[in-house]
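> Give me coordinates for this.
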Amino acid sequence: DASNSEKFLKKLNKILLNYVTERVEFYRVEMNINESYKVRVRNTKTRLGSNSRKTKTLAFALNLVHFSKEIIDSVVVHELAHCKVFDHSKDFYNVVYQHCPNYNIFRKKLIHSEFK
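Sure, this is the predicted structure:
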């Protein structure tokens, strides 16, 4: 029933939120990002992550809960890289690959997934 589905989604949200919060902090330090960010998980259909410079909020898609930790980490690195370079330029991807050398492999798995 709807009530059980809602409870299940809330549990998944909490599990993913705890994980990405921990990983955001880990990579924030590793990437020398001084600002703190709020971390949220949303049940979105189109984006796996977002970075709001205005509100200092990183949001991640609940669907990420279906993926390996390495893939989730690649999305965390991608969103944090926007703290250094806000577009998707070569400089941006240099930051991403510096902290996630297998980014292209993880990205392909995300793109070709049934959960995207």
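> I figured residue 31 hits residue 80, correct?
Yes - counting by Cβ atoms under 8 Å, residue 80 is a contact partner of residue 31 at 5.6 Å. Every residue, glycine included, has its C-beta placed from N, CA and C.
> Tell me which of those two has more neighbours.
The residue with more neighbours, out of residue 31 and residue 80, is residue 80; 23 against 16, by other Cβ atoms under 10 Å.
> which SSE is the more buried one in?
helix 69-81 (DSSP states H and E).
> how far out from the middle of the chain is stretch 54-63?
8 Å (Cα atoms, centre = their mean, to the nearest Å).
> Report how many residues lie close to residue 13.
Using other Cβ under 10 Å, residue 13 is surrounded by 16 other residues.
> ok, residue 21 to residue 46 distance?
According to Cβ to Cβ, to the nearest Å, residue 21 stands 23 Å off from residue 46.
> An error on my part: the question was meant for residue 52.
16 Å.
> same check, this time on residue 20
18 Å.
> Comparing the two, which shows the higher neighbour count?
It is residue 20, of residue 20 and residue 46, that has more neighbours when counted by other Cβ under 10 Å, with 24 against 6.
> ok, now which ones touch the more buried one?
The contact partners of residue 20, taken as Cβ atoms under 8 Å, 6 or more residues apart in numbering, are 39, 41, 58, 60, 64, 72, 76.
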